[in-house]
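**Q** coords below, sequence missing:
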Ligand code: 9YT
């Protein structure tokens, strides 16, 4: 069994920071679960274009409000605590956080993230990075 504490994982190598977001990777590929599990904070006012071409992802909002825009249709869905979205078609999207407080999101990736990925120009994570 694996037991981890979000607060203990903060500010370790599990905690990655980028422009507009930071994320604690509680489960990674090396844990052998077949998925990775992250608690991601979207910073107030952030606007994040993303496109995980090589992964499916589901995201559950624990706290905060914002929106997700589907790039192919322009459709915008409001996000608030209790909402889950699943990028089952590797959907290109723009995630926006309202300016007043962060969004706290629980995220699952399949295939699992290794922890070494960085966002590429097109908003995806490279699959090859998982083998690194
Ligand atoms: C909400 C969202 O897109 N989370 C993605 C996870 C985060 N970018 C990470 O841990 O890499």
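**A** Thanks, I have it. Just so we're clear, the structure is a prediction, and the values are computed from it rather than from any experiment.
**Q** From here on, just use CA atoms for contacts and neighbour counts.
**A** Noted.
**Q** Which positions in the chain make contact with the ligand?
**A** Proximity of the chain to the ligand (CA under 6 Å from any ligand atom) is limited to residues 23, 25, 38, 40, 59, 105, 107.
**Q** Just give me the closest of those residues to the ligand.
**A** Of all the residues of the chain next to the ligand, residue 23 has the smallest distance to the ligand: 4.6 Å, by CA to the nearest ligand atom.
**Q** Can you tell me what sits against stretch 30-46?
**A** Stretch 30-46 is contacted by residues 20-29, 95-114 when judged by CA atoms under 8 Å, 6 or more residues apart in numbering.
**Q** at 6 Å instead, please
**A** 20-28, 96-113 (CA atoms under 6 Å, 6 or more residues apart in numbering).
**Q** buried subset of those?
**A** 20-28, 96-98, 102-113 (16 or more other CA atoms under 10 Å).
**Q** could you pull out the strands for this structure?
**A** Per DSSP state E, the chain carries strands over the ranges 15-18, 21-27, 36-42, 47-50, 56-63, 66-70, 76-79, 84-86, 93-97, 103-110.
**Q** Export those as JSON lines, with columns for mean pLDDT.
**A** Output for these, formatted as JSON lines (pLDDT from 0 to 100):
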{"stretch": "strand 15-18", "mean pLDDT": "90"}
{"stretch": "strand 21-27", "mean pLDDT": "95"}
{"stretch": "strand 36-42", "mean pLDDT": "97"}
{"stretch": "strand 47-50", "mean pLDDT": "93"}
{"stretch": "strand 56-63", "mean pLDDT": "97"}
{"stretch": "strand 66-70", "mean pLDDT": "98"}
{"stretch": "strand 76-79", "mean pLDDT": "98"}
{"stretch": "strand 84-86", "mean pLDDT": "98"}
{"stretch": "strand 93-97", "mean pLDDT": "97"}
{"stretch": "strand 103-110", "mean pLDDT": "98"}
